[in-house]
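A.B. asks: have a look at this fold, sequence not included:
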């Protein structure tokens with residue numbers, strides 16, 4: 001299926017291969033639905049990490065939303081690569097981001113998922129963050145006609161989202177860091193009481 005990738009999406013695929021050498025990167029279709037109306041070339045890339053968990057990464061959002069050669073792609077860090085909900089989550093994020101208006105995402109924004117990110121989790125929102133676990137080398141992806149910024153979708157609770165909006169991004173990130181959360185733990189407690 002990777003033969004269907006646009007040149008920009010293929011560059012994201014190669015970027016992941018360079019950043020995670022020796023890891024196989026899979027190419028999946030998005031979840032069914034209207035996403036192809038606004039992100040016609042969306043694919044979801046996935047790879048297992050050597051230590052723990054897996055990554056799901058959009059490829060094709062940049063093609064549909066870029067401005068002056070700049071745009072976004074998104075990464076979701078998950079405990080296991082065998083869950084269809086991750087594809088659904090990224091498809092939903094891509095659809096809303098590409099739809100424009102109040103739904104355009106950027107660093108520091110929050111997104112309501114409308115359900116727990118994994119069944120039984122208290123985390124039902126996403127924080128759009130820098131991809132801290134992998135550094136700036138993952139965040140900036142050079143493309144044939146510009147670059148994509150790959151931002152991390154960190155699952156958070158509604159209380160954490162409210163705290164972020166009542167205070168600021170740095171305050172929430174400090175709480176999460178001080179608590180030493182494991183980002184792939186769907187059952188972690190909220191860091192906001």
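C.D. replies: Thanks, I have the structure now. The shown structure was predicted, so the numbers you read here are calculated from the model rather than taken from an experiment.
A.B. asks: burial measure for residue 13, as a count.
C.D. replies: Residue 13 sits with 21 neighbouring residues when counted by other CB atoms under 10 Å. C-beta coordinates here come from the backbone N, C-alpha and C atoms, glycine included.
A.B. asks: wait, doesn't it sit right on residue 45?
C.D. replies: Yes - counting by CB atoms under 8 Å, residue 45 is a contact partner of residue 13 at 5.9 Å.
A.B. asks: between the two, what contacts are shared?
C.D. replies: 25, 27, 59 (CB atoms under 8 Å, 6 or more residues apart in numbering).
A.B. asks: top of those by neighbour count?
C.D. replies: residue 59 (30 neighbours).
A.B. asks: what are the phi and psi values for it?
C.D. replies: Main-chain torsions, residue 59, degrees, to the nearest 10: phi -140, psi 110.
A.B. asks: how about it: what's its closest non-neighbour residue?
C.D. replies: residue 9 (3.7 Å; CB to CB, 6 or more residues apart in numbering).
A.B. asks: can I assume that neighbour sits in a strand?
C.D. replies: No - Residue 9 sits outside any strand when classified using DSSP: H, G, I helix; E, B strand; the rest coil, being helix.
A.B. asks: what is the burial count for residue 180?
C.D. replies: By other CB under 10 Å, 8 other residues sit near residue 180.
A.B. asks: who are the contact partners of it?
C.D. replies: Applying CB under 8 Å, 6+ apart, no residues contact residue 180.
A.B. asks: now it: how far from residue 191?
C.D. replies: 10 Å (CB to CB, to the nearest Å).
A.B. asks: so residue 25 is in contact with residue 44, correct?
C.D. replies: No - using CB under 8 Å, residue 25 is not in contact with residue 44; the gap is 10.8 Å.
A.B. asks: distance-wise, check the closest residue to residue 113 other than its chain neighbours relative to residue 26.
C.D. replies: Counting by CB to CB, 6+ apart, residue 113 lies nearest to residue 124, which is 5.2 Å off, once chain neighbours are set aside. As judged by CB to CB, residue 124 and residue 26 stand 26 Å apart.
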